[in-house]
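J.: predicted model, plus sequence, below.
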Amino acid sequence: MLPEGGAQPPESFRALLAERTPSFGLSISDSILDTLSRFLGALDRARRQTNLTGPLTPEDLADHALESALGQRLIAHGARVIDIGSGAGFPGVPLAIVRPDIRVTPVEPRKKRIEFLTEISRQIPVPNLVMPVRSLGLLGKESAEAATARAVGNVEALLKEASFLVTGGVFLAWTTDVGLVSRRLSPLFQLETDLAVPGTRRKRIASFTKRNVPRGTGGTGREPS
């Protein structure tokens, strides 16, 4: 938890985002930048009362938001998206802000983070950020066309058979080791493409497609018998 003084106002984040957006190859409207700025301002205030993030600088937060927004290129129009391990809202909240056509459901087990995400959706507002759920098991079968995860360990165990994701749906992983994630998700998911995150040496956003694999053979890293 950070000291309560020193939180940056949305206007400061607005300037950081405007400065950094071109380096990410993004084109974001003024109104969307304003909404992203309000989200980051609210997060900066909240993390001084609750341990929502580590000791990140305002520049780090701006880059996390833009890195999250970069994933929009790999999500189909109108998709229902499950954001696994949302934490303080990356990548789900920025994705919902830059893509009002999609519907993002955060999955987050920790109460304080659920409260923060719920408040963000109402106050900013982010109307296509829906009520968080505590676990993937609470989602309906084949309820989404896309899923996202950033900095979530053992994600293959979390996904299991990914029954919440339609066959042909995509899973986006923010990772520094695409090959390792690909091996762990085989044979249920097949790597389709990946994007380099500008300004980093190893970070990439990898897109995997859910395959039609017989029940019990996917999501564990085992080859089908």
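T.: Thanks, I have the structure now. Numbering: from 1, shown residues only.

J.: quick check: phi and psi at the residue sitting nearest the centre point of the chain.
T.: Nearest to the mean C-alpha position of the chain, by C-alpha atoms, centre = their mean, lies Pro91 at 2.3 Å. Pro91 has phi and psi values of phi -90, psi 0 when expressed as degrees, to the nearest 10.

J.: report the rounded mean pLDDT for the longest helix belonging to the chain.
T.: For the chain, the helix that runs over the most residues, judged by DSSP state H, is helix 30-46. The average pLDDT within helix 30-46 is 97.

J.: against which helices or strands is that helix packed?
T.: With contacts taken as 3 or more C-beta pairs under 8 Å, 6 or more residues apart in numbering; DSSP states H and E, helix 30-46 sits against helix 10-20, helix 58-70, helix 92-98, helix 111-123. Where you see a C-beta, it was placed from the backbone N, CA and C, and this is true even at glycine.

J.: so which elements touch the second one?
T.: Same thing as helix 58-70. helix 10-20, helix 30-46, helix 92-98.

J.: looking at this protein, which helix or strand is least sure?
T.: When each helix and strand of the chain is scored by mean pLDDT, DSSP states H and E, helix 155-159 comes last, with a mean of 83.

J.: now do that helix: which elements does it pack against?
T.: Looks like helix 155-159 contacts strand 80-84, strand 144-150, helix 178-185 (3+ C-beta pairs under 8 Å, 6+ apart).

J.: output that helix as CSV, nothing but the C-alphas.
T.: What follows is helix 155-159, C-alpha atoms only, in CSV (Å, rounded to 0.1, in the frame of the first residue of the first chain):
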residue,chain,number,x,y,z
VAL,A,155,-3.2,-20.3,-16.1
GLU,A,156,-3.5,-23.7,-17.7
ALA,A,157,-4.9,-25.1,-14.4
LEU,A,158,-7.3,-22.1,-14.2
LEU,A,159,-8.6,-22.6,-17.8
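
J.: return the set of buried residues in stretch 98-106.
T.: By 16 or more other C-beta atoms under 10 Å, the buried positions in stretch 98-106 come out as Val98, Arg99, Ile102, Arg103, Val104, Thr105, Pro106.
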